[in-house]
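A.B. asks: Have a look; sequence and predicted model below, questions after that.
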Amino acid sequence: MSLELSSVKADLDAFCGAPLAARGTGFDTVWTVPAAQAHGALERLKSRHGFNMLADLTCVDLQGFGKETGAPSPAPAGARFKLVYRLSALDPATGLLNARLALDAWVDGDAGPVSAGDLFPCADWLEREVWDMFGVSFSDRPDITRILMYPEFVGHPLRKDYPIKKRQPLIGPPDGPPRERLTEADLRPRIVE
Amino acid sequence: MEQDLSAPGIMTSQLDAAIGWARKYSIFQYPFVTACCGMEFMSVACSHYDIDRFGAGFPRFSPRQADVLMVVGTISHKIAPVLRRIYDQMAAPKWVVAFGVCTCTGGFYDNYSTVQGIDTILPVDLYIPGCPPRPETVLEGLMLLQKKIQAQGRRA
Ligand code: SF4
């Protein structure tokens, strides 16, 4: 049984109070929701429409989009980051894929929407990754810590304004002292442009 | 024929050669494998290319029992302290092999996360370039390393 996305869309349009921008068809359907309503929309999709799996949550930084080519930026005015939630509806009986859906949410500045960790536990790690790489934070969640970079790292490396070759080495030259035990001082990052 | 062996120089140089010979054919390697080069390392180490023919077939997974540190694969800044610590734990004499271009120079990972050559954190004795290096390249490198060991040359 495959899901009728049009009725799901009507329900979400009613929830958000306006028709959502849509693109793509079938498994490539993408709807754009306001960031403030992203959590509510996810909750509705999960509880009413069987989207029971958050397959991915990621982010895109569109700062400076089209600077060289002159192409118009898809970002609405003021928005810089796009969060992408990828959802799957798996049939509870068979485990087969019924539908797939992506939600885009534009974020102004770096304060992101309410965390989806209460709906999908896997969102915890995905949100940590988004914060680590892009610096977009989520409200209503436990303390956020880096997941890929080391805690001493300064900045968010996948932002467009992070210098492309800026490195923050943790340890120094080969003739330095042996490091049986690393101390706080050994681990202080030295910023190399 | 009578030969005067009392002069210490003669004995020492002969002993050095003997020790070098013994060391170069009994390499205990520590494979520090982090990335795709590991696949090529496996084929060198297994029977197709059989690194054991050169006396280096015995991987030790304790740095205290190893004398050649094989650094195989991309080294990120996050793992660098661990690699350095393993190196520091190895007993002298020890040698370091940079296996693959990632370990030699950072390779194409010219970015925020990758160490640009492990020689920025460790003294390296042998560089094997290639992405990944072919097993033949590795074996040639190993023979060069053996020459170095025979001559008692090392950086650390
Ligand atoms: S040198 Fe190439 S094959 Fe080896 S670890 Fe780097 S990217 Fe992978």
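C.D. replies: Nice, thanks for sending it over.
A.B. asks: Enumerate the residue intervals of chain B where per-residue confidence is below the cut-off.
C.D. replies: B:1-13, B:154-156 (pLDDT under 70).
A.B. asks: Name the residues of it found near the ligand, please.
C.D. replies: B:Ala35, B:Cys36, B:Cys37, B:Gly73, B:Thr74, B:Gly100, B:Val101, B:Cys102, B:Gly107, B:Cys131, B:Pro132 (C-beta under 6 Å from any ligand atom). C-beta: built from backbone N, CA, C; applies to glycine.
A.B. asks: Filter those down to the ones in helices?
C.D. replies: Members of those lying in helices (criterion: DSSP state H): B:Cys37, B:Val101, B:Cys102.
A.B. asks: Tell me the most packed of these, by neighbour count.
C.D. replies: Neighbour tally across those (other C-beta atoms under 10 Å in any protein chain shown): the maximum, 29 neighbours, falls on B:Cys102.
A.B. asks: burial measure for the residue nearest to it when sequence neighbours are not counted, as a count.
C.D. replies: Sequence neighbours aside, B:Thr74 is the residue nearest to B:Cys102 in space, at 4.3 Å (criterion: C-beta to C-beta, 6 or more residues apart in numbering or on different chains). The number of residues packed around B:Thr74, counting by other C-beta under 10 Å, is 21.
A.B. asks: now the spatially most central residue of chain B: how far from chain A?
C.D. replies: When chain B is reduced to its mean C-alpha position, the nearest residue by C-alpha atoms, centre = their mean turns out to be B:Val97, at 3.5 Å. For B:Val97, the distance to chain A (C-beta to the nearest C-beta, to the nearest Å) stands at 15 Å.
A.B. asks: just B:Pro31 next, same as before
C.D. replies: Note on B:Pro31: its distance to chain A, by C-beta to the nearest C-beta, is 20 Å.
A.B. asks: At which residues are the strands of chain A located?
C.D. replies: A:21-23, A:30-34, A:53-61, A:79-90, A:97-108, A:111-114, A:137-139 (DSSP state E).
A.B. asks: Quick one: distance of the first one to the chain centre.
C.D. replies: Here strand A:21-23 is found 19 Å from its chain centre; the criterion is C-alpha atoms, centre = their mean, to the nearest Å.
A.B. asks: Can you pull out the residues in contact with that strand?
C.D. replies: With contact meaning C-beta atoms under 8 Å, 6 or more residues apart in numbering or on different chains, strand A:21-23 is reached by A:Lys9, A:Thr29, A:Val30, A:Trp31, A:Thr32.
A.B. asks: can you list those residues in JSON lines and add neighbour count?
C.D. replies: Converted to JSON lines, those look like this (neighbours: other C-beta atoms under 10 Å in any protein chain shown):
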{"residue": "A:Lys9", "neighbour count": "16"}
{"residue": "A:Thr29", "neighbour count": "17"}
{"residue": "A:Val30", "neighbour count": "16"}
{"residue": "A:Trp31", "neighbour count": "24"}
{"residue": "A:Thr32", "neighbour count": "18"}
